[in-house]
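Enquirer: sequence and predicted structure, then a few things I'm wondering about:
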Amino acid sequence: MKEEETIAAISTPLGRSGIGIVRLSGPEALGIAGKLFTSPDGIDLTEVESHTLHYGYVQDPREKKEIDEVLVSVMKAPRTYTREDVAEINCHGGVVPLRETLELALDAGARPAEPGEFTKRAFLNGRLTLDQAKSVKDIVDSKTRFSLELSLDRLEGKFSDFLSSLREELTAIMAEIETTIDFPDYEESIVTREELEEKLSELEGRIQDYLANSKDGKILKEGHKIAVLGRPNVGKSTLLNTLLREERAIVSSTPGTTRDTLEEELEIDGIPFRVTDTAGIRQTEGEIEKQGVRRAKEQGRKSDISLLLVDVNSGVKPEDLNIAEEVDKGKTILVLNKIDLVDNLSNREITAKMGSGWADLVKLSAKEGQGLKNLESSITELVWGGEVRKDESLVLLNVQEKELLKRAKKSLADAREALRSGRSIDLVELDIREGRKDLGKLLGEDLTDEVLDRVFSDFCVGK
């Protein structure tokens, strides 16, 4: 990326809308925008004050033809998102005015922005840490209020502050060790091995606490898959409708009504889920229904959570037992449905027939909504391991971030072990330095262009 170049992109989704924005960033952003902009007052965008808004028109400089009526936001470096000069041309939201405005900006000297390049420049120019830059995409991708709040925590620097604090303390420890290396005769008077071990243990504990309070960001970004399983007419489609709070699936007393999977998104306790209503699992001769049954079993295997419905009104049938043998009970909630009709089976009687080892057992009336809150709580507890917390201690980490934190923690543990075993102090420092290096990677230090490109490649073009 050449930072001296000015980039441009449409920063809002294309389609019919009230407003659409063409964003420019770079040293010539205001000059290029000024070539396209005409104002009734003859305003020169390069001369106006920063963070001001100006009314006028986008005009084709060659044909002197007006393209759209616009408002242009002028923001001068360094008080901008990218810490470069930024101009945002607020057009009407149609596809044609936005595309023509962007094409004029490119003809005037800008180049098309790469995916995530505005945020990448914000990172390279010190406006955002790598962690904060990643959180921008998380905010855009948030599907629930809960995930938005946690992503905002990261944008505000919660994770970066934690990492920076650890690195500063490790730097101080390394400085003490360097002093003891330079003056070995005074090693114990500068810092004792016991003191070093205590400091490292405290930092290791802080990393462990942070990991313990972390949850997989994928849960809140993509959602967990839930498969609703059971033989025909146990209330699977009714349950889906009840969870969604709308009539989405066809409900019928005729067996085999659901012949294919039906997937819908819903939110439970701030967590997004993709719930799939499946065909009733039974022996069947119909080819279409056979395909539905096959897909139902496949959904059960691929899902993160399964809900196995049993009709307590008709009792446990051989088909129920057959399905129970095929599912992973550890991720399956056994749902006893239709308790509005009859509720005379105890949990002990059910487990005696259906077996034990279920993730949970919930009694429910999908039709009346009775027991629905208990089912939703059971689902969220299965996701979070019974530790649903929305307080300030909860953080989201992806797999790579968790791995780097674990590596840093192990390096500190190795350093403590080296101290206890009496190894030379310079070897202890090597372990500490390795842990500090892993923390630096989380902050975006020593990253190659290839790694940076990969980080920002999933961003939308205008962000």
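Expert: Arrived safely, thanks for sending. Residues are numbered from 1 along each chain as shown.

Enquirer: dump the residue contacts of residue 377.
Expert: residue 269 (C-beta atoms under 8 Å, 6 or more residues apart in numbering). C-beta: built from backbone N, CA, C; applies to glycine.

Enquirer: meant to ask about residue 60, not that
Expert: 66, 67, 100, 104.

Enquirer: wait, which of the residues you listed is closest to residue 9?
Expert: Distance to residue 9 across these (C-beta to C-beta) is lowest for residue 104, with 13.6 Å.

Enquirer: how about the closest one: what's its closest non-neighbour residue?
Expert: Distance criterion C-beta to C-beta, 6 or more residues apart in numbering; nearest residue to residue 104, sequence neighbours excluded, is residue 36 at 5.0 Å.

Enquirer: what's near enough to touch the one you found?
Expert: Contacts of residue 36 (C-beta under 8 Å, 6+ apart): 58, 59, 61, 89, 101, 104, 105, 108.

Enquirer: distance of it from residue 265?
Expert: According to C-beta to C-beta, to the nearest Å, residue 36 and residue 265 sit 41 Å apart.

Enquirer: now residue 426
Expert: 56 Å.

Enquirer: ok, now residue 409?
Expert: Distance from residue 409 to residue 265, by C-beta to C-beta: 36 Å.

Enquirer: what's the answer for residue 52, then?
Expert: The spacing between residue 52 and residue 265, counted by C-beta to C-beta, is 41 Å.

Enquirer: go on, residue 65?
Expert: Taking C-beta to C-beta as the measure, residue 65 falls 45 Å from residue 265.

Enquirer: ranges for the strands of the stretch 151-300 of the chain?
Expert: Secondary structure of the stretch 151-300 of the chain (DSSP state E, counting those that start in this stretch): strands at 214-216, 224-229, 262-268, 271-277.

Enquirer: identify the residues contacting residue 92.
Expert: In this structure, residue 92 makes contact with 18, 19, 20, 68, 69, judged by C-beta under 8 Å, 6+ apart.

Enquirer: so what's it bridging to?
Expert: residue 19 (DSSP bridges).

Enquirer: repeat for residue 60
Expert: Judged by DSSP bridges, the bridge partners of residue 60 are residue 65.

Enquirer: if we can go back for a sec, please identify, among the contacts of residue 60, the one with the most neighbours.
Expert: residue 104 (23 neighbours; other C-beta atoms under 10 Å).

Enquirer: so what does the residue lying closest to residue 239 once chain neighbours are set aside look like in phi/psi?
Expert: In this structure, residue 239 finds its nearest non-sequential neighbour in residue 366, 4.0 Å apart by C-beta to C-beta, 6+ apart. Dihedral angles of residue 366 (phi, psi; degrees, to the nearest 10) stand at phi -60, psi -30.

Enquirer: which ones are touching residue 366?
Expert: Residue 366 sits in contact with 235, 238, 239, 242, 309, 337, 338, 372, where contact means C-beta under 8 Å, 6+ apart.

Enquirer: run the last query once more with 6 Å
Expert: 235, 238, 239, 242, 337 (C-beta atoms under 6 Å, 6 or more residues apart in numbering).

Enquirer: list the contacts for the fourth one?
Expert: Translated: residue 242. Residue 242 neighbours (C-beta under 6 Å, 6+ apart): 366, 369.

Enquirer: state the distance from it to residue 371.
Expert: Taken as C-beta to C-beta, the span from residue 242 to residue 371 is 10 Å.

Enquirer: ditto for the first one
Expert: Distance of residue 235 to residue 371, given as C-beta to C-beta: 12 Å.

Enquirer: swap in the second one?
Expert: Residue 238 sits 13 Å away from residue 371, going by C-beta to C-beta.

Enquirer: rounded mean pLDDT for the helix or strand in which residue 97 is found, please.
Expert: Using DSSP states H and E, residue 97 maps to helix 95-107. Average pLDDT, helix 95-107: 94.

Enquirer: contact partners of the helix or strand following it?
Expert: Remark: after helix 95-107, the chain's next helix or strand is strand 111-112, criterion DSSP H and E. With contact meaning C-beta under 6 Å, 6+ apart, strand 111-112 is reached by 5, 7.

Enquirer: cutoff 8 Å now
Expert: 5, 6, 7, 8, 9, 106, 461.

Enquirer: mind giving me the packing neighbours of the next helix or strand along the chain from that strand?
Expert: Toward the C-terminus, strand 111-112 is succeeded by helix 117-124 as the next helix or strand (DSSP H and E). Identification of packing neighbours for helix 117-124 by 3 or more C-beta pairs under 8 Å, 6 or more residues apart in numbering; DSSP states H and E yields strand 7-10, strand 19-25, helix 130-141, helix 449-456.
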